[in-house]
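Colleague: Structural data only, the sequence is not supplied:
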């Protein structure tokens with residue numbers, strides 16, 4: 001069992017000693033800002049009372065290992081209970097205690113998921129197209145192709161010049177496009 005104790009708060013990071021027994025100390029303002037819970041409402045309560053269901057998530061076990069082994073941990077974790085994502089560093093400053101530093105990374109995780117979804121949609125549209133679609137850099141190198149002509153493998157096309165695959169009569173027009 002670990003008594004809660006304020007350590008410090010900085011910018012978007014929060015450091016405090018997590019509590020499994022009843023809390024009897026104050027929490028830094030960052031705690032309230034990040035988790036949306038007033039430190040005053042925590043006094044005399046267990047973490048499982050304040051955040052019902054939190055015991056189903058790996059937080060308590062992870063911090064218990066930190067206290068038991070003294071080995072610090074650094075990880076990213078999503079909390080269903082809090083509906084937030086965190087980057088966390090936890091360590092044991094003294095036997096029987098641990099400090100955890102949280103950084104709310106929910107916006108970054110949401111942006112990463114949105115980018116992955118967008119990329120999956122783009123790839124699906126391009127790869128299911130009946131047309132040949134290529135990504136060509138400004139030097140005329142083929143960087144991506146959704147399909148090749150029959151008898152030509154993708155490896156034979158990627159990294160080559162588009163000029164190598166186009167009728168020479170079209171080279172002047174292509175060169176003009178790349179000069180723009």
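Modeller: Great, that's in hand. None of these values were measured; they are calculated from a predicted model.

Colleague: hey, let's count contacts and neighbours off CA atoms from now on
Modeller: OK.

Colleague: packing partners for the top helix by length along the chain?
Modeller: Ranked by residue count and defined by DSSP state H, the top helix of the chain is helix 106-128. For helix 106-128, the elements it packs on are strand 84-91, judged by 3 or more CA pairs under 8 Å, 6 or more residues apart in numbering; DSSP states H and E.

Colleague: If we ignore the residues flanking it in sequence, what's nearest residue 163?
Modeller: Nearest residue to residue 163 in three dimensions, chain neighbours excluded: residue 171, at 6.6 Å (CA to CA, 6 or more residues apart in numbering).

Colleague: Tell me which helix or strand the one you found sits in.
Modeller: helix 171-179 (DSSP states H and E).

Colleague: residues in contact with that helix?
Modeller: 138-140, 163 (CA atoms under 8 Å, 6 or more residues apart in numbering).

Colleague: ok, now with 10 Å
Modeller: 136-140, 162-164, 166, 168 (CA atoms under 10 Å, 6 or more residues apart in numbering).

Colleague: swap in stretch 134-142?
Modeller: By CA under 10 Å, 6+ apart, stretch 134-142 touches 126, 143-148, 157-164, 174-175, 177-180.

Colleague: Flag every buried residue along the helix or strand that comes right after the longest helix of the chain.
Modeller: Where DSSP H and E defines the elements, the next helix or strand beyond helix 106-128 is strand 134-136. For strand 134-136, the neighbour count (16 or more other CA atoms under 10 Å) marks 134, 136 as buried.

Colleague: any idea of the mean pLDDT for strand 134-136?
Modeller: Over the span of strand 134-136, the pLDDT mean works out to 88.

Colleague: Pull up the gap between the closest residue to residue 38 other than its chain neighbours and residue 40, please.
Modeller: Sequence neighbours aside, residue 32 is the residue nearest to residue 38 in space, at 5.1 Å (criterion: CA to CA, 6+ apart). Residue 32 sits 9 Å away from residue 40 when distances are taken as CA to CA, to the nearest Å.
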